[in-house]
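K.L.:
sequence first, predicted coordinates after that:
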Amino acid sequence: MEKAKKWTRMIVGFVLSCFVTSAIARADLKDILLQFHPYATVQEEYTNNVNLTPTNKKDDFITSIYVGVSFSSWLQSAIKGELVRPTPPADKKYGIDLNFRAGYSFYAHETNNNYIDLLGGLNAWYTVTPGLTFRVSEYLVRSESAREQVFPGSSSAQFISGSFVDLTNLYLPGTQRSRDVYFRNVVSPSIEYKFGKEGMISLGYMNNVYINESPTSQNSQENDFVASFNYWFDIRNGIVLQYGIFFGDFQKSSGLIGQATSGRYIYRFNPRTSIFGEFIFLSDHYQSPGIDYVVYRPSIGIEHAFSPTSKGMIALGYFWQVPQLGKTQSAPYYKVLFSTVVEKTTFAFFAQGGYTVDLFSAQNYGFSLSQQAVGTVTQQLTEKMAASLSGSYQWYKSGILQQSGPIFGSNQTNNLWEITGNTSYQFSKWLGLSLALTYRENHSNIAAQDYTEFRALINGTVSFY
């Protein structure tokens, strides 16, 4: 484990040194300093169920004060709090996109819940030759939020992968009720080589460290190695092959060695429409007394661009989970993605059913049957004012395969849904204000897991240019 950490630091240090050296060589110090944008945020939040209990609800006010800095070597100004960045122009050979904030949250009543909050994201790249590119990304969070958002590189993000999926409206399975602080740091260096018009070979590594202060949770660490191969035989026929091996270390349960292999064949009718067939094989091997299993998932799908600003994808298939001991699980698999921009309105929808694997989080539910859907509508009301409405639904059936370590109920089901309305007003380029209202519920076959919650949040941000 120490060797893996050492190599991670060496690789990240080397790649970042290349980026920084390249940037300094091409721009003077004044230009670089002007691309740093400090900001400060004051946030007030109200919740009517701070501990997310089914009865005896307690409300509380949470005041948070943040200071942060954003830096982008290719954008004139970075958007504060946005960790998923748009794709840089093709002519940019190098770049660093960074956003980091630190703050402190005060509880009006339950003062023992006060904590330090951290959130950061990094996306950097350096193109050595027209075909060879080094990349590194990092995601860091320190929080005590009851539900953790899906983060880049997570198994949940991989299951819902799509070029226009917004991860900020998706959550990992489970709810943390005890307000215990958790820390996650994900570092992902990679190298890719492009050949021909669309061919590419890439090698990547990910180190995911999770630490939770709760005595009922467990700390964990994940190390992934992934190789991908994209090749187009001609303008219509292409393949995408991928192989990954990952190692999981857990504080209280069996260690894990997993392998995932996928192959996709694509037939392109024209630049706007293509169909594909895909097969995924997953194998998880646990140390004793854990139970090994394999998963088979074939599917077919179609992608279509309705216009330059509207696109969609639908895939249908089936999966089988075959454990070494126990009953085989099987169910249909589907995935639907759609996004469109019509004048000043943006609409995005995502739905997926089948299974998910939750291994490095507060609950570590493992292999779960799942259904989830998310929809968001955003309207630019005026040049300075915007409003959005989003809703999500997630259903999980966990504990269907007992592993060692804490299990939160055999065959436990959770039905989680929430709706959020948000409006923001940008008074000037240095001052912005937003208001968000959220209502969420969970209905479970375990009564103690039920809860309802209403939240109201007002946020003011001052940016320095």
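P.N.:
Nice, I can see it.

K.L.:
and the strands in the stretch 351-465 of the chain?
P.N.:
For the stretch 351-465 of the chain, applying DSSP state E, counting those that start in this stretch gives strands covering 366-380, 385-398, 412-428, 431-444, 451-463.

K.L.:
actually the stretch 151-300 of the chain, not the one I wrote
P.N.:
In the stretch 151-300 of the chain, the strands defined using DSSP E, counting those that start in this stretch lie at 182-195, 199-212, 220-232, 237-250, 256-270, 273-286, 293-307.

K.L.:
quick one, which of those gets closest to residue 461.
P.N.:
With Cβ to Cβ as the criterion, residue 461 lies closest to strand 182-195 of these, at 23.8 Å. From N, CA and C alone the C-beta is placed, and that goes for glycine too.

K.L.:
quick one: that closest one to chain centroid distance?
P.N.:
Averaging C-alpha positions (Cα atoms, centre = their mean, to the nearest Å) puts strand 182-195 13 Å from its chain's average.

K.L.:
ditto for stretch 359-367
P.N.:
Relative to its parent chain, stretch 359-367 has a centroid offset of 15 Å by Cα atoms, centre = their mean.

K.L.:
just send the strands of the stretch 351-465 of the chain back as a markdown table, with mean pLDDT too.
P.N.:
Rendered in a markdown table, the data for the strands of the stretch 351-465 of the chain read as follows (pLDDT from 0 to 100):
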| stretch | mean pLDDT |
| --- | --- |
| strand 366-380 | 91 |
| strand 385-398 | 92 |
| strand 412-428 | 92 |
| strand 431-444 | 94 |
| strand 451-463 | 94 |
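
K.L.:
point to the residue nearest the middle of the protein.
P.N.:
Geometric centre of the chain, nearest residue: residue 151, 2.4 Å, by Cα atoms, centre = their mean.

K.L.:
redo the strands of the stretch 151-300 of the chain as a markdown table? Include mean pLDDT.
P.N.:
Shown next, in a markdown table, are the strands of the stretch 151-300 of the chain (pLDDT from 0 to 100):
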| stretch | mean pLDDT |
| --- | --- |
| strand 182-195 | 93 |
| strand 199-212 | 94 |
| strand 220-232 | 94 |
| strand 237-250 | 94 |
| strand 256-270 | 94 |
| strand 273-286 | 94 |
| strand 293-307 | 95 |
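
K.L.:
reformat the ones you listed as a markdown table; add distance to residue 452.
P.N.:
Compiled in a markdown table, the strands of the stretch 151-300 of the chain are given as follows (distance: least, Cβ to Cβ, whole Å):
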| stretch | distance to residue 452 |
| --- | --- |
| strand 182-195 | 23 |
| strand 199-212 | 25 |
| strand 220-232 | 30 |
| strand 237-250 | 32 |
| strand 256-270 | 35 |
| strand 273-286 | 35 |
| strand 293-307 | 34 |
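
K.L.:
tell me which of those sits nearest to residue 390.
P.N.:
Proximity to residue 390 (Cβ to Cβ) singles out strand 293-307 among the strands of the stretch 151-300 of the chain, at 22.0 Å.

K.L.:
that closest one pairs with which strands?
P.N.:
With DSSP bridges as the test, strand 293-307 is paired with strand 273-286 (antiparallel), strand 310-323 (antiparallel).

K.L.:
and the helix or strand just after the last one, what does it pack onto?
P.N.:
So that's strand 310-323. Remark: after strand 310-323, the chain's next helix or strand is strand 329-342, criterion DSSP states H and E. Identification of packing neighbours for strand 329-342 by 3 or more Cβ pairs under 8 Å, 6 or more residues apart in numbering; DSSP states H and E yields strand 293-307, strand 310-323, strand 345-358, strand 366-380.

K.L.:
elements contacting the third one?
P.N.:
Think strand 345-358. helix 155-159, strand 310-323, strand 329-342, strand 366-380.

K.L.:
that one pairs with which strands, and in what direction?
P.N.:
Strand pairing for strand 345-358, using DSSP bridges, gives strand 329-342 (antiparallel), strand 366-380 (antiparallel).

K.L.:
any buried residues in that strand, and which?
P.N.:
Buried residues in strand 345-358, counting neighbours by 16 or more other Cβ atoms under 10 Å, are found at 346, 348, 350, 351, 352, 353, 354, 355, 356, 357, 358.

K.L.:
the second one too?
P.N.:
In terms of neighbour count (16+ other Cβ under 10 Å), strand 310-323 has its buried residues at 311, 312, 313, 315, 317, 319, 321, 323.

K.L.:
and for the last one?
P.N.:
Taking 16+ other Cβ under 10 Å as the neighbour-count basis, strand 366-380 is seen to contain the buried residues 366, 367, 368, 369, 370, 371, 372, 373, 374, 375, 376, 378.

K.L.:
check contacts around the fourth one.
P.N.:
Spelled out, it's residue 369. Residues near residue 369 by Cβ atoms under 8 Å, 6 or more residues apart in numbering: 329, 331, 354, 355, 396, 397, 400.

K.L.:
can I assume the second one is in contact with residue 297?
P.N.:
Same thing as residue 331. No: Residue 331 is not in contact with residue 297 according to Cβ atoms under 8 Å; the separation is 10.3 Å.

K.L.:
what touches both of the two?
P.N.:
318, 319, 354.

K.L.:
ok, what's across the strand from the spatially closest residue to residue 434 that is not a sequence neighbour?
P.N.:
Leaving out its chain neighbours, the residue that sits closest to residue 434 by Cβ to Cβ, 6 or more residues apart in numbering is residue 424, at 3.9 Å. Taking DSSP bridges as the rule, residue 424 bridges to residue 386, residue 434.

K.L.:
now swap in residue 262 and tell me
P.N.:
Going by DSSP bridges, residue 262 forms beta bridges with residue 242, residue 280.

K.L.:
again, but for residue 191
P.N.:
Judged by DSSP bridges, the bridge partners of residue 191 are residue 134, residue 203.

K.L.:
understood, closing this out.
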